[in-house]
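Colleague: have a look at this prediction, sequence included:
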Amino acid sequence: DIGLSAIDKATNGFKPSTLNIVVGASGAGKSVILTNWAAEIYKRKYNVLFFSLEMPMTQVISRFISRELCIDYNRFYNGKLTEEEEIILNNKLPGILGKRSDEGILSNDDSFFIINTNFDSPDVSYVEEMVRKYNKMYGHVDVVFVDYLKNMKSKEIVKSGGSEWAHSGACAEGLRNLAANYGLTIFTAQQLNRSGLEKSRKTLSNSPENFEANQEDMSASQNAFHAADSVIAFAPDRENYRMYFKLTKGRDFRFEPFVVNYYPNFNRIIDPLIDDTPFMLSPIAGQLNADHQLPIAEDDSDFGDEF
């Protein structure tokens with residue numbers, strides 16, 4: 001499960017041997033979504049390998065800490081926390097990081113969360129090499145996150161001189177094969193292409209809840225779209241602290257468009273159906289501004305044991 005009830009109920013947990021792609025506009029929050037989903041899966045005691053291909057390790061860990069403790073990310077990253085946030089950080093930080101966070105390894109008694117950084121546009125073979133390495137060192141990797149697809153390069157496309165989008169398509173196909181060969185659940189992200197961005201800007205400025213994101217709006221749409229088992233599009237409404245999700249492709253599941261709460265300052269996405277954390281974060285609960293919280297409803301769904 002990833003902590004979003006509409007998706008968790010529809011999928012009954014994302015399955016092994018699948019590739020799942022999140023699609024959104026540039027700067028809309030793809031990394032935030034991947035970080036949130038990775039954190040939720042890790043907390044459910046699965047082993048997570050997170051590839052950051054554009055952010056340094058310290059930034060990824062800072063986002064993770066900001067999300068988990070609900071402290072302002074910018075103030076934390078720049079060393080300007082309030083006194084209240086300092087108290088929260090000092091009291092709770094050791095319990096969420098483990099002893100090897102300086103190496104990019106977060107761990108508890110049951111699972112690990114490894115952050116691997118590579119800014120050299122790696123091929124899928126690099127991802128496979130790291131999966132095999134960590135399988136031997138720490139135990140079986142269950143879930144892989146790649147942030148994000150555009151930052152990968154295919155060795156074959158380099159040889160043939162193909163386009164940037166050809167790289168993304170080939171790498172998506174490679175990740176799908178990797179998932180199948182190692183029994184992995186793989187998540188990655190891709191941005192909208194030019195026409196998709198223009199469409200996104202229009203809908204986001206007028207009515208973000210009605211945003212559109214179809215196959216033709218996705219960069220490297222043909223190969224990446226067909227390689228994926230699911231493609232989930234999203235659009236943020238930062239002014240109203242919300243994020244909208246729509247299913248663009250799902251081989252084995254369906255869900256209706258839905259909205260959740262989104263707090264960019266804390267890198268946190270909150271489903272009000274299953275998480276009322278903002279009301280239990282004293283003394284910083286006021287920062288989340290309950291006026292923007294969507295109504296909390298009871299949820300009686302019975303989720304499965306997959307991711």
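Modeller: It's in. It should be emphasised that the depicted structure is a prediction, and the values quoted were computed from it without experimental measurement.
Colleague: mind listing the strands for the stretch 1-150 of the chain?
Modeller: Using DSSP state E, counting those that start in this stretch, the strands of the stretch 1-150 of the chain run over 18-24, 48-52, 105-107, 112-117, 143-147.
Colleague: go through those strands and name the closest to P272.
Modeller: Of all the strands of the stretch 1-150 of the chain, strand 18-24 sits nearest to P272, with 20.5 Å by Cβ to Cβ. Using the backbone N, CA and C atoms, a C-beta is placed for each residue, glycine as well.
Colleague: which positions within the closest one qualify as buried?
Modeller: Going by neighbour count (16 or more other Cβ atoms under 10 Å), the buried part of strand 18-24 is T18, L19, N20, I21, V22, V23, G24.
Colleague: can you give me the helices in the stretch 51-200 of the chain?
Modeller: Applying DSSP state H, counting those that start in this stretch to the stretch 51-200 of the chain gives helices spanning 57-69, 73-77, 83-97, 124-138, 155-160, 164-182, 194-206.
Colleague: adding distance to I33 and mean neighbour count, write those out as JSON lines.
Modeller: Output for the helices of the stretch 51-200 of the chain, formatted as JSON lines (distance: least, Cβ to Cβ, whole Å; neighbours: other Cβ atoms under 10 Å):
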{"stretch": "helix 57-69", "distance to I33": "11", "mean neighbour count": "20"}
{"stretch": "helix 73-77", "distance to I33": "15", "mean neighbour count": "16"}
{"stretch": "helix 83-97", "distance to I33": "20", "mean neighbour count": "13"}
{"stretch": "helix 124-138", "distance to I33": "19", "mean neighbour count": "16"}
{"stretch": "helix 155-160", "distance to I33": "26", "mean neighbour count": "13"}
{"stretch": "helix 164-182", "distance to I33": "17", "mean neighbour count": "21"}
{"stretch": "helix 194-206", "distance to I33": "15", "mean neighbour count": "15"}
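Colleague: tell me the centre residue of the chain?
Modeller: L34 (0.9 Å; Cα atoms, centre = their mean).
Colleague: much appreciated, bye for now.
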